[in-house]
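S.K.: could you look at this predicted model? Sequence included:
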Amino acid sequence: MKIAIVGTGYVGLVSGACFAEMGLDITCVDTDRKKIESLQQGIIPIYEPGLSELVRNNVAAGRLHFTTDLTECLDRVEVVFSAVGTPPDEDGSADLRYVLEVARTFGRHINKYTLLVTKSTVPVGTARKVRAAIEEELAKRGADVPFDVASNPEFLKEGAAIKDFMSPDRVVVGVDSEQARELMTRLYRPLMINNFRVLFMDIASAEMTKYAANAMLATRISFMNDVANLCDLMGANVEMVRKGIGADVRIGSKFLYPGCGYGGSCFPKDVKALAHTAHEYGYTMEVIEAVERVNERQKSVVFEKLRQLLGDLRGKRIALWGLAFKPETDDMREATAITVIERLLDAGAEVQAFDPVAMTECRRRFGDRIGYAADMYQAAEGADAVALLTEWKVFRMPDWSRLRASMRDNALVDGRNIYDKQEVIKAGFRYSGIGK
């Protein structure tokens, strides 16, 4: 089976490499010529564990190809996946210009039945716009070429994307024809030999499922952060509270870990887009809008705790451990670190940062406005405080005596609640966690 995937960002590249690993013939398409040339040379533009090896192996096996021109492969493929970006506009809505451009290119050049599948996260109703764009281009040509559109939103976690793709807990597919359903069944059957977990539904429901899933997870995070902030005020321990409510099978324990806010390319964008879609239909999603407000506030919690511990931050040196929005990625989009760095610099503090993989991305964003350390201990040399922002494994068991000896003062803010408070205090630090 031959398919094309337009867009070699996170979703497109992971999907293409994984489909190729299953034995399919995959052509990944991107208009960025430099990126395509790099991929052809085995240079991967993003950090994702195992992805570089997967891409190189499948290129060598002749199953994975890269091009800048969709029309080169359109006559050979049965399915085209659209995995282009949908960046947020200033009003929070999803920018569909790239999605619709793929649809127009598709409509201008198809000569046989082909299925166009939207894998990008798009608002409900996008499939109708995609279909209309294709039909408009076919009409201009005076062509009567059959086609279908479908929705197949991705649910990949950065840092575990390959595992999520190869062993999904479910695959959501929105179709409106039996031919499209049969094609998508053929495509995903190798992943589901033992347990066929493809959930077929109408296209609008598939589009909504992606937004609703991310909004629910974001809601759980913001809820626990709200609870944690109240625990701080009243002297309760949010870790005990989390265990207590997570033991209820109706609630469960996942995504109930308080911290310093969520970030990344999905949750912030999708929460905003869902709220904006509701407004377009004359409805206000009160809970979702509150989720966003709580998260934006939570990103400043670490800064406020540093100010509580150190007072005036002018001239104070702050070591930041972790810059990416989560471990196992170099992605800093909407990361809490951005808010913390900006507020610290505005307050006159000196920032020294370390992250196992996101240093290049941070340097691209902040240049020489902050310092960059070779490791976690170098970042803390002469520091008045250490603030943990990303729970990378390398940060989990510090040598407390070495750390304390190298610091000027002894403040530690645990933005992800990974340390034992009493152990840290016993080691000579003033400790502040989230809700503890």
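M.R.: Perfect, I can see it now.
S.K.: confidence score at the residue of the chain most remote from its centre?
M.R.: What lies farthest from the middle of the chain is residue 142; by CA atoms, centre = their mean that is 41.3 Å. Model confidence at residue 142, given as pLDDT, is 96.
S.K.: now it: phi and psi?
M.R.: Here is the backbone geometry of residue 142 (degrees, to the nearest 10): phi 70, psi 30.
S.K.: cool, and the one 4 residues further on?
M.R.: In this entry, residue 146 is assigned phi and psi values of phi -70, psi 150 (degrees, to the nearest 10).
S.K.: for the one 5 residues further on, same thing?
M.R.: As for residue 151, its main-chain torsions (degrees, to the nearest 10) stand at phi -120, psi 130.
S.K.: list the contacts of it.
M.R.: Counting by CB atoms under 8 Å, 6 or more residues apart in numbering, residue 151 touches 117, 118, 122, 127, 172, 173, 174, 175, 203, 206, 207. Every C-beta, even on glycine, is put in place using the N, C-alpha and C of the backbone.
S.K.: in what element of secondary structure is residue 104 found?
M.R.: Using DSSP states H and E, residue 104 sits in helix 97-109.
S.K.: continuing past that helix, what's the next helix or strand?
M.R.: Once the chain leaves helix 97-109, the next helix or strand it forms, by DSSP H and E, is strand 114-118.
S.K.: sheet partners, orientation included, of that following strand?
M.R.: Partner strands and pairing direction for strand 114-118 (DSSP bridges) are strand 79-82 (parallel), strand 147-151 (parallel).
S.K.: got the contact list for the shortest one?
M.R.: This means strand 79-82. Contacts to strand 79-82, defined as CB under 8 Å, 6+ apart, come from residues 1, 3-7, 12, 15, 70, 74, 99, 102-103, 106, 114-120, 130, 152, 183, 187.
S.K.: same thing but 7 Å
M.R.: The set of residues external to strand 79-82 that reach it, using CB atoms under 7 Å, 6 or more residues apart in numbering, is 3-7, 15, 99, 102, 106, 114-120, 183, 187.
S.K.: quick one, domains of the chain?
M.R.: The chain resolves into domains spanning 2-201, 211-297, 299-432 when parsed by automatic domain parsing.
S.K.: what about residue 334, neighbour count?
M.R.: As a burial measure, residue 334 scores 21 neighbours (other CB atoms under 10 Å).
S.K.: report the longest helix in the protein, please.
M.R.: Looking only at the chain and at elements set by DSSP state H, the helix with the highest residue count is helix 203-234.
S.K.: what about the closest residue in space to residue 357 that isn't next to it in sequence, helix or strand, and which?
M.R.: Leaving aside its sequence neighbours, residue 357 sits nearest to residue 330 (CB to CB, 6 or more residues apart in numbering; 4.5 Å). Following DSSP H and E, there is no helix or strand that holds residue 330.
S.K.: strands of the stretch 251-400 of the chain, residue ranges please.
M.R.: For the stretch 251-400 of the chain, applying DSSP state E, counting those that start in this stretch gives strands covering 317-321, 350-354, 371-372, 385-388.
S.K.: now those in JSON lines, with mean neighbour count and mean pLDDT?
M.R.: Formatted as JSON lines, those follow (neighbours: other CB atoms under 10 Å; pLDDT from 0 to 100):
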{"stretch": "strand 317-321", "mean neighbour count": "27", "mean pLDDT": "98"}
{"stretch": "strand 350-354", "mean neighbour count": "22", "mean pLDDT": "98"}
{"stretch": "strand 371-372", "mean neighbour count": "16", "mean pLDDT": "98"}
{"stretch": "strand 385-388", "mean neighbour count": "27", "mean pLDDT": "98"}
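S.K.: between those, which one is nearest to residue 429?
M.R.: strand 385-388 (8.4 Å; CB to CB).
S.K.: how about the closest one as PDB, C-alpha atoms only?
M.R.: C-alpha atoms of strand 385-388 as PDB (Å, rounded to 0.1, in the frame of the first residue of the first chain):
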ATOM      1  CA  ALA A 385      18.100  29.200  44.300                       C
ATOM      2  CA  VAL A 386      17.500  26.100  42.100                       C
ATOM      3  CA  ALA A 387      14.100  25.800  40.500                       C
ATOM      4  CA  LEU A 388      13.100  22.500  38.900                       C
END
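S.K.: who does that strand pair up with?
M.R.: strand 317-321 (parallel), strand 411-414 (parallel).
S.K.: columns distance to residue 235 on top of the ones you listed, output as CSV?
M.R.: Formatted as CSV, these follow (distance: least, CB to CB, whole Å):
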stretch, distance to residue 235
strand 317-321, 27
strand 411-414, 17
